[in-house]
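> next input, structure requested:
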Amino acid sequence: MISLIFESIVGYAFWSLFHALGPMIWFYPLNELDITGYEVFVLVVFTPILWLSGKLADNVLRTKVFQIIAMIVMLAGIVSFQADKTLERLIMLSIGLGAAFLLKSSTWWSKDPFQCKESFWGYTIGYFMLLSSRIWYKSITPMWNDKYSNKFISTVFSMIVIAKMLSYLKHMKPVQKVINLRGSSTKPKEVSRNRSSVLCSVAYGCMCFLMHTFLGEVSVLSRYTVTGIDVLSPAPNPWGGCVLLAALFGFILSLYSTLPSNRLWLVSGVLSSMGLMFLQSWYAFASGLFFVVYLMSVWPTVAENAINCRNPGKCLFWANLVYLLGVFGMVWCTAYNFVPFGGELARERTYILILLASSVVSLSLMKSYQVTVPIRIKLSLPPSYTQQVTPTVQPANSEQDTLVKKAIFFIVLLGLVGFNFRDRQIPKPDINPETQQRGQFSALIWTFHFGYDNQGWPSLERAAQVLNDTGADVITLLESDASKPYLGNNDIAMWLGERLGMYVDFGPSTRDHTWGTMLLSKYPIVKSEHHLLPSPEGELAPAISATINMTGNLVNFVVTHMGNDRDNLDRKLQAQRLAELADQSEHPVVFLGYVTSAPGSRDYNHLLKKGRLRDIDSTDRGRWCEYIMYRDLKRLGYARISHSGLSDTELQMAKWEFYGDGPKVDNNQIVLPSEKVPDSVQFNKVFGERYDGHWSGRSHHFHMDTPKYFKAT
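Down below sits the predicted model:
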């Protein structure tokens, strides 16, 4: 039992390190919008090629001493979160992950069949631990959430390393035994693997890619299938619990020995992946749940086929190469405008990657293989199986199998409890009663950088504090879809919604290949529609049009991230579509957009004229990307707040009030903050006083000649 617990924690650490490499490398091209060279760090996943050295590998890499050394080096990867500089963290993480792969190959391909089986199921339990723990941390991997959690996990892992060292030095580890049919005990014999199959290796790589993409976190399926508020979609809380239960059900089905080779089941798995990619809303979510069941049901068999390959170096080389091709393929499908060999061949073709990967997994299982090291847990062993496959040693450790099943059931239950715990922690919307009574509200726009600051560290908690300090009633965050595997599978919308106690609308869906748009509101979102703006040349541009009930007053919000400034046709067509959305509104309108044009430009003017909008401050000529526009509202104030390194873009905020029964005359005169302004209108003094020019200090501060207030002429 103790050794299984140790292996589970090692597995938990492995998956945490494995999933962290992509976001760390992504930080560099994200800042440069180009290939930077740091992508070469992905080569650490190929450390198992050391097994190709032959006898040296057998004499060194399989020893207990090496396994302990590898765990110590893994610890460097875990504590990389404590590093001061981004590059230091990337180097430490890469070294730790390289050691983790060597440790995994040493234990999974051990000559002791008991260690093989125990290690595999320890890593599988570790994967369920990762899923459940991320529920408690609102989708964030605990190891990378904050330094206190990282220190705790580092301490636990250090204790395991010490325990293993003491066990080895004192020879305290008991000899594992096999009980034969006559009841006598013998020492386990070493096994040899004679099979070499590229198909099994490639299938294992496809499996890792699919699990990371769709089962890296339980909220991912919800973000793949979201369609808008008016068309009810499965929210990540609580419907993410169904994803965890689907994984558990898949594990249960894996216990049936013949299911993974059933051709109808294998074909159904491939079809369900396409249902997830092409069906709408609940139908897509149901297909996704079936696909998760399928993945977990075949996971032990796919891994067993890989483990029975002769050389772990060759097996993991092909597997990790295919995994990397899948992840890089997802980057190319979305960021094709910024990567080499992009263009029409790559744009928005994620479904092809998913179809190929799921098909390879199913094809590999349609063929029967000789199994000399069985690791699957089975409810019963059919006679046909025992006649066809005669392993050197049959590790029928029923007690260990029972422990594995109990552990997975308990971990899943613990994860489901996490949803209830989180619901109890959600605060109520912090609505200012004075502004509510006066019919006033505020809105904010910010390009969020996927929840990572300018140094590559998670910024969610710091960002939440800043957003809370602004007191904004409605917030739109652009570049906010981090559900992709190379961005951490993080659900930023859910995290901030629960942290700030606000209603959330996220869209378009992750499968639509945009960088994401999010709308947070203290007031109920009555309905919303997600839009993919015309983008014939560049990346797809997202937009949300939503109606929010401001205590009886309906306001339409149009929020967007338009295309790159070099895609002239795209921006022209997008501005036309956005102007249509604003013009068609029957209620007051607020436009919060990343327009990638200067004030007075073609697209800027088109939005104002055809959308019948007003600029919040037409005298501010120092803007380029973010704009706030409106219609049928009386403006009260406008502010620009420095990003302080949390993003590459400032925060912009505005305040309005509804027209009463009198004439609809806007406030056209700018008022300096030194003049008398009602307290309900003023922005939070925590951001300092009015500041002329760009604020370059470390704190968040008003800048660019703001805040400004407005009154009637």
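> every contact and neighbour count from this point should use C-alpha atoms.
Will do.
> can you dump the C-alpha coordinates of stretch 409-422 into PDB?
Output in PDB follows, covering the C-alpha atoms of stretch 409-422 (Å, rounded to 0.1, in the frame of the first residue of the first chain):
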ATOM      1  CA  PHE A 409     -13.100   5.800  -6.500                       C
ATOM      2  CA  PHE A 410     -12.100   7.800  -3.400                       C
ATOM      3  CA  ILE A 411     -10.200  10.400  -5.400                       C
ATOM      4  CA  VAL A 412     -13.100  11.000  -7.800                       C
ATOM      5  CA  LEU A 413     -15.500  11.400  -4.800                       C
ATOM      6  CA  LEU A 414     -13.100  13.900  -3.300                       C
ATOM      7  CA  GLY A 415     -13.000  15.800  -6.600                       C
ATOM      8  CA  LEU A 416     -16.800  16.000  -6.700                       C
ATOM      9  CA  VAL A 417     -16.900  17.300  -3.200                       C
ATOM     10  CA  GLY A 418     -14.700  20.100  -4.400                       C
ATOM     11  CA  PHE A 419     -17.500  21.500  -6.500                       C
ATOM     12  CA  ASN A 420     -19.700  21.900  -3.500                       C
ATOM     13  CA  PHE A 421     -16.900  23.500  -1.500                       C
ATOM     14  CA  ARG A 422     -16.300  26.000  -4.200                       C
END
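> and that stretch, what's buried?
Neighbour-count burial for stretch 409-422 flags 409, 411-412, 414-416, 418-419, 422 (criterion: 16 or more other CA atoms under 10 Å).
> kindly reformat those residues as a markdown table and extend each row with distance to residue 290.
Conversion of the buried residues of stretch 409-422 to a markdown table gives the following (distance: CA to CA, whole Å):
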| residue | distance to residue 290 |
| --- | --- |
| 409 | 19 |
| 411 | 21 |
| 412 | 18 |
| 414 | 22 |
| 415 | 20 |
| 416 | 19 |
| 418 | 23 |
| 419 | 22 |
| 422 | 26 |
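> tell me where the stretch 501-650 of the chain has helices.
568-583, 602-610 (DSSP state H, counting those that start in this stretch).
> save those as TSV, and put in mean pLDDT and mean neighbour count too.
Shown next, in TSV, are these (pLDDT from 0 to 100; neighbours: other CA atoms under 10 Å):
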stretch	mean pLDDT	mean neighbour count
helix 568-583	96	20
helix 602-610	97	18
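> would TSV of these with distance to residue 617 be doable?
Compiled in TSV, the helices of the stretch 501-650 of the chain are given as follows (distance: least, CA to CA, whole Å):
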stretch	distance to residue 617
helix 568-583	18
helix 602-610	12
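> for residue 632, find the nearest of those.
helix 568-583 (11.6 Å; CA to CA).
> give me the angle between the closest one and helix 602-610.
Using axes from the mean of the first three to the mean of the last three CA atoms, to 10 degrees, the direction of helix 568-583 lies 20 degrees away from that of helix 602-610.
> got the contact list for helix 568-583?
Identification of contacts with helix 568-583 by CA atoms under 8 Å, 6 or more residues apart in numbering yields 533-538, 541, 545, 558, 562-565, 589, 591, 602-604, 606-608, 610-613.
> go on, stretch 591-603?
Against stretch 591-603 from outside (CA under 8 Å, 6+ apart): 444-445, 476, 557-565, 571-572, 575, 582, 604-605, 618, 621, 623-630.
> filter those residues down to the buried ones.
Listed as buried from the contacts of stretch 591-603 are 444-445, 476, 557-564, 571-572, 575, 582, 604-605, 625-630; burial here means 16+ other CA under 10 Å.
> give me the mean pLDDT for stretch 214-233.
Averaging pLDDT along stretch 214-233 gives 88.
> starting at the chain centroid, how far to that stretch?
Taking CA atoms, centre = their mean, to the nearest Å, one finds stretch 214-233 lying 12 Å from the centre of the chain it belongs to.
> repeat that for stretch 130-149.
Distance of stretch 130-149 from the chain centroid (CA atoms, centre = their mean) equals 12 Å.
> go on, stretch 270-281?
The chain centre lies 20 Å from the centre of stretch 270-281; the measure is CA atoms, centre = their mean.
> make 36 the first number, not 1, from now on.
Noted, 36 is the first residue going forward, which turns the last one into stretch 305-316.
> residues making contact with it?
Outside of stretch 305-316, the residues within contact range by CA under 8 Å, 6+ apart are 259-262, 267-269, 318-323, 325-326, 386, 389-390, 393-394, 397, 546.
> ok, 7 Å please
260-262, 268, 319-320, 322-323, 325-326, 386, 390, 393-394, 546 (CA atoms under 7 Å, 6 or more residues apart in numbering).
> over to stretch 523-537?
Stretch 523-537 is contacted from outside by 54-55, 58, 173-175, 251-252, 254-255, 461-464, 486, 499, 503, 515, 517-518, 538-539, 541, 553, 555-557, using CA under 7 Å, 6+ apart.
> center of this protein - which residue?
By CA atoms, centre = their mean, the chain has its centre lying nearest to residue 524, at 1.1 Å.
> please determine how far that residue is located from residue 43.
22 Å (CA to CA, to the nearest Å).
> measure the residue nearest to the centre of the chain to residue 295 for me?
With CA to CA as the criterion, residue 524 and residue 295 are 27 Å apart.
> same question for residue 674.
59 Å.
> give the closest residue to residue 370 in space, chain neighbours not counted.
Computed as CA to CA, 6 or more residues apart in numbering, the closest residue to residue 370 that is not its neighbour in sequence is residue 574, at 7.1 Å.
> residue ranges with poor pLDDT in the protein?
Scanning the chain for pLDDT under 70 picks out 67-69, 206-231, 265-266, 376-380, 415-432, 709.
> and the helix ranked longest in it, what does it pack against?
Determined from DSSP state H, the single longest helix within the chain is helix 37-67. Helices and strands touching helix 37-67, by 3 or more CA pairs under 7 Å, 6 or more residues apart in numbering; DSSP states H and E, are helix 121-143, helix 148-171.
> export the ones you listed to JSON lines and tack on distance to residue 738 and mean neighbour count?
As requested, those are exported to JSON lines (distance: least, CA to CA, whole Å; neighbours: other CA atoms under 10 Å):
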{"stretch": "helix 121-143", "distance to residue 738": "28", "mean neighbour count": "24"}
{"stretch": "helix 148-171", "distance to residue 738": "37", "mean neighbour count": "25"}
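> can you put those in JSON lines and add distance to residue 730?
Formatted as JSON lines, those follow (distance: least, CA to CA, whole Å):
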{"stretch": "helix 121-143", "distance to residue 730": "24"}
{"stretch": "helix 148-171", "distance to residue 730": "37"}
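> between those, which one is nearest to residue 701?
Closest approach to residue 701 among these is made by helix 148-171 (47.0 Å; CA to CA).
> which outside residues touch that closest one?
By CA under 7 Å, 6+ apart, helix 148-171 touches 39, 42-44, 46-47, 50, 142-145, 175-177, 226, 252-253, 408, 410, 430, 439, 443, 446-447, 449-450, 453-454.
> give me the next element, helix or strand, following it.
Using DSSP states H and E, the helix or strand that follows helix 148-171 in sequence is helix 182-204.
> compute the inter-axis angle for that next one and helix 37-67.
Using the same axes, to 10 degrees, the inter-axis angle of helix 182-204 relative to helix 37-67 is 140 degrees.
> which residues does the closest residue in space to residue 622 that isn't next to it in sequence bridge with?
In space, residue 622 comes closest to residue 590 once its chain neighbours are excluded; the distance is 5.6 Å by CA to CA, 6+ apart. Bridge pairing for residue 590 (DSSP bridges) gives the partners residue 583.
> ok, residue 579 next?
Residue 579 has these beta-bridge partners by DSSP bridges: residue 565, residue 594.
> tell me how far it lies from residue 254.
Residue 579 sits 20 Å away from residue 254, going by CA to CA.
> cool, residue 707 as well?
Using CA to CA, residue 707 is found at 46 Å from residue 254.
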